[in-house]
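A.B. asks: make a model of this:
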Amino acid sequence: MPATLVAEHVSPVALSVSSVSVEDLSNGERAVALYASDLPDDYRYKRGDDAKLTAWMIQGVTRMGMAQLCRTAALASGFRRSRQANRVTAEQERAHMERFPNAKRDRRTGELASLLTLSVPVSDEARERGLRYLLDGPCPECGDTRQVWASWCIDVDADWYEEGYGPCSLCGGAA
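C.D. replies: Okay, here's the model as predicted:
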């Protein structure tokens, strides 16, 4: 016997639209929200599709929750930062692949999030939150001491060099 609906159901996207605004998401959070949404893998952006992208982002926020979305975006930012410095550890690589198993979708959602940033600006609070990052495990550069031994050239002609501890360039600003 088929089931019968006895109560009206409201879609999760409709419920979250009033509580979350795309302007309140950093670009990294927008990309993670798109990754978590029903965005088709073969989707191609067309002019005027901003409303579709916004709906998918809201759907992704609803699925993940704002706290988990912010954490995942911060970890993705930390991974990109480590990769740029050629210091990605096996632990970071494994964790990133668990979070984003489809590398092509990961790249594409980042591109689409950036496209939307052109027409839907990011709030100051979201921009500030987007600058924060987290690393999976200890910092591969300094081992979480937040400082590294370095040598600085003060004056090349005078052959004047100084050595000492300085802030770690990889995690010096990690929250």
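A.B. asks: only C-alpha atoms for contact and neighbour calcs from this point on.
C.D. replies: Noted.
A.B. asks: can you tell me the centre-most residue of this protein?
C.D. replies: By C-alpha atoms, centre = their mean, the mean C-alpha position of the chain lies nearest to Ala73, the distance being 2.7 Å.
A.B. asks: now that one: which helix or strand?
C.D. replies: helix 66-84 (DSSP states H and E).
A.B. asks: now do Val32
C.D. replies: Using DSSP H and E, the element containing Val32 is helix 27-36.
A.B. asks: ok, and what's touching that helix?
C.D. replies: For helix 27-36, the surrounding residues in contact (C-alpha atoms under 8 Å, 6 or more residues apart in numbering) are 22, 53, 56-61, 63-64, 69-70, 72-74, 76-77, 105-106, 109-114, 117, 122, 127, 130.
A.B. asks: after it comes which helix or strand?
C.D. replies: Immediately after helix 27-36, counting by DSSP H and E, sits helix 50-64.
A.B. asks: the bottom helix or strand of this protein by mean pLDDT?
C.D. replies: Between all helices and strands in the chain, the lowest mean by mean pLDDT, DSSP states H and E belongs to helix 12-17, at a mean of 38.
A.B. asks: gap between Arg94 and Phe100?
C.D. replies: Plainly put, Arg94 is 10 Å away from Phe100 if you go by C-alpha to C-alpha, to the nearest Å.
A.B. asks: Ser151 now?
C.D. replies: 38 Å.
A.B. asks: check the offset of stretch 144-159 from the chain's centre.
C.D. replies: What separates the centre of stretch 144-159 from the centre of its chain is 32 Å, taken as C-alpha atoms, centre = their mean, to the nearest Å.
A.B. asks: now do that stretch, average pLDDT.
C.D. replies: For stretch 144-159, mean pLDDT rounds to 81.
A.B. asks: between Arg94 and Phe100, who's got more neighbours?
C.D. replies: Neighbour tally, Arg94 and Phe100, criterion other C-alpha atoms under 10 Å: the higher count belongs to Phe100, 18 against 13.
A.B. asks: excluding its backbone neighbours, what's nearest the more buried one?
C.D. replies: Spatial nearest neighbour of Phe100, chain neighbours left out: Asp106 (6.4 Å); criterion: C-alpha to C-alpha, 6 or more residues apart in numbering.
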